[in-house]
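> sharing a model prediction with you, sequence too.
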Amino acid sequence: AKAAGRGRMVVFDPEMRATELHRVRLEADLAQALERGELHLVFQPVVDLATERLIGFEALLRWTHPTLGPVPPDAFIPVAEATGLIRELGHWVLEQACHTAAAWQRTYPQAQPLAISVNVSGRQLADADLGRFVADVLADSGLPPCSLVLELTETALVDDPARAAADLGRLRALGVRLAVDDFGTGYSSLAYLGQFPVDILKIDRSFVAAITDIEHRSPLVRGMLELARNLGLETVAEGVESAVQRDRLRAEGCDRAQGYLFSRPLDSTEAELQLVNLTGR
Ligand code: C2E
Ligand code: CA
Ligand code: CA
Ligand code: CA
């Protein structure tokens with residue numbers, strides 16, 4: 001056994017899974033990624049389904065590791081959540097996203113309304129300081145609160161629904177909008193959805209993927225859209241990759257969409273070009 005930082009022990013057992021070794025390494029490197037400038041945001045366009053007009057972007061975190069290259073967020077976000085580093089990373093993401101969106105709004109006023117969506121992990125939501133931090137970032141950046149969407153996964157909400165509802169209520173009082181992310185992938189989501197003060201429901205891409213060239217109908221997607229309508233929620237479909245999916249979602253009354261059919265996530269220069277195009281039209 002060998003000591004590995006902060007008093008934790010790592011047993012170098014030949015049977016040890018490669019993924020665990022990898023995780024320990026990521027954990028140590030991630031702690032320095034921010035100060036080393038290895039993190040950046042990309043921005044995926046969100047379009048209005050009826051018009052296909054760009055109405056905002058979702059900010060997604062990217063980490064370029066000095067030797068491993070790009071590490072997907074699905075690999076490092078859980079590490080950041082487990083170590084508590086997500087607080088610092090989450091703050092950085094919020095700051096970057098709000099300042100970038102505010103600058104875009106100032107430069108391209110014709111692109112209004114331009115929303116920016118930021119992913120917030122369950123650990124961040126539980127942080128008593130989150131509301132104050134969001135308020136500070138909005139004030140510093142000058143971004144109108146209604147332009148900011150905070151996306152929370154349902155798993156982050158169902159752990160302690162009463163507490164989550166109170167936390168959400170405080171955030172929403174700031175004037176920001178709240179979205180339930182990856183809807184349908186957690187469990188007992190339906191039982192709680194009506195209790196959460198949220199504005200937007202994001203249909204997970206696994207349900208969108210069920211709409212295929214052979215089977216255009218999807219009773220699950222239809223059911224979720226109907227549920228959202230009954231609750232007065234705006235709907236966003238994720239992972240739209242085909243025209244068949246777009247057409248079906250539009251026919252079923254889904255409000256907005258994002259996915260490779262419209263655009264992959266873009267770096268800030270490419271995203272800004274979308275705004276130039278929008279303005280020129
Ligand atoms: P998510 O919030 O569900 O983000 C959508 C993911 O779907 C993104 O993956 C995006 O690149 C991908 N995607 C977009 N369109 C399509 C499509 O048409 N087809 C397919 N197959 N995929 C599509 P990404 O960027 O790898 O992020 C993965 C997850 O990591 C995110 O899922 C989110 O849960 C988490 N994440 C990313 N950035 C942050 C962050 O700043 N903070 C937190 N807490 N989590 C983040
Ligand atoms: Ca999201
Ligand atoms: Ca999602
Ligand atoms: Ca997801």
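Here it is on my side, so go on. Residues are numbered from 1 along each chain as shown. Ligands and ions are numbered 1, 2, ... in the order given.
> and the stretch 1-150 of the chain, which of its residues are near ligand 1?
Taking Cβ under 6 Å from any ligand atom as the criterion, the stretch 1-150 of the chain approaches ligand 1 at residues Gln44, Leu60, Leu61, Pro72, Pro73, Asp74, Ile77, Val93, Asn119, Ser121. For every residue, glycine as well, the C-beta is placed using N, CA and C.
> the third one against Leu41, yeah?
Yes. A contact is recorded between Leu61 and Leu41 when judged using Cβ atoms under 8 Å, the distance being 6.2 Å.
> shared neighbours of the two, anything?
Residues touching both Leu61 and Leu41 comprise Val93, with contact defined as Cβ atoms under 8 Å, 6 or more residues apart in numbering.
> quick one: the helices in this protein?
Counting by DSSP state H, one finds helices in the chain at the ranges 18-33, 73-83, 86-107, 122-125, 130-141, 154-158, 161-172, 189-193, 205-208, 219-230, 243-251, 268-280.
> could the ones you listed be laid out in JSON lines, adding mean neighbour count?
As requested, the helices of the chain are arranged in JSON lines below (neighbours: other Cβ atoms under 10 Å):
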{"stretch": "helix 18-33", "mean neighbour count": "15"}
{"stretch": "helix 73-83", "mean neighbour count": "17"}
{"stretch": "helix 86-107", "mean neighbour count": "19"}
{"stretch": "helix 122-125", "mean neighbour count": "21"}
{"stretch": "helix 130-141", "mean neighbour count": "17"}
{"stretch": "helix 154-158", "mean neighbour count": "21"}
{"stretch": "helix 161-172", "mean neighbour count": "16"}
{"stretch": "helix 189-193", "mean neighbour count": "16"}
{"stretch": "helix 205-208", "mean neighbour count": "18"}
{"stretch": "helix 219-230", "mean neighbour count": "16"}
{"stretch": "helix 243-251", "mean neighbour count": "18"}
{"stretch": "helix 268-280", "mean neighbour count": "14"}
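> tell me which of the ones you listed sits nearest to Gly56.
helix 86-107 (8.3 Å; Cβ to Cβ).
> near ligand 2 at all, that closest one?
No. Where contact is defined by Cβ under 5 Å from the ion, no part of helix 86-107 touches ligand 2; the two come within 11.6 Å at best.
> could you list the alpha-carbon positions for that helix in PDB?
Once side chains and other backbone atoms are set aside, the C-alpha atoms of helix 86-107 remain, and they are given as PDB (Å, rounded to 0.1, in the frame of the first residue of the first chain):
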ATOM      1  CA  ILE A  86     -17.100  20.600  -8.500                       C
ATOM      2  CA  ARG A  87     -17.800  23.700  -6.400                       C
ATOM      3  CA  GLU A  88     -14.800  25.500  -7.800                       C
ATOM      4  CA  LEU A  89     -15.300  24.200 -11.300                       C
ATOM      5  CA  GLY A  90     -19.000  25.000 -11.200                       C
ATOM      6  CA  HIS A  91     -18.300  28.600 -10.100                       C
ATOM      7  CA  TRP A  92     -15.800  28.900 -13.000                       C
ATOM      8  CA  VAL A  93     -18.300  27.600 -15.500                       C
ATOM      9  CA  LEU A  94     -21.000  30.000 -14.300                       C
ATOM     10  CA  GLU A  95     -18.700  32.900 -14.400                       C
ATOM     11  CA  GLN A  96     -17.400  32.200 -17.900                       C
ATOM     12  CA  ALA A  97     -20.800  31.400 -19.300                       C
ATOM     13  CA  CYS A  98     -22.500  34.500 -17.900                       C
ATOM     14  CA  HIS A  99     -19.700  36.900 -19.000                       C
ATOM     15  CA  THR A 100     -19.600  35.400 -22.500                       C
ATOM     16  CA  ALA A 101     -23.400  35.500 -22.900                       C
ATOM     17  CA  ALA A 102     -23.600  39.100 -21.600                       C
ATOM     18  CA  ALA A 103     -20.800  40.200 -24.000                       C
ATOM     19  CA  TRP A 104     -22.700  38.500 -26.900                       C
ATOM     20  CA  GLN A 105     -25.900  40.200 -25.900                       C
ATOM     21  CA  ARG A 106     -24.200  43.600 -26.000                       C
ATOM     22  CA  THR A 107     -22.500  43.000 -29.300                       C
END
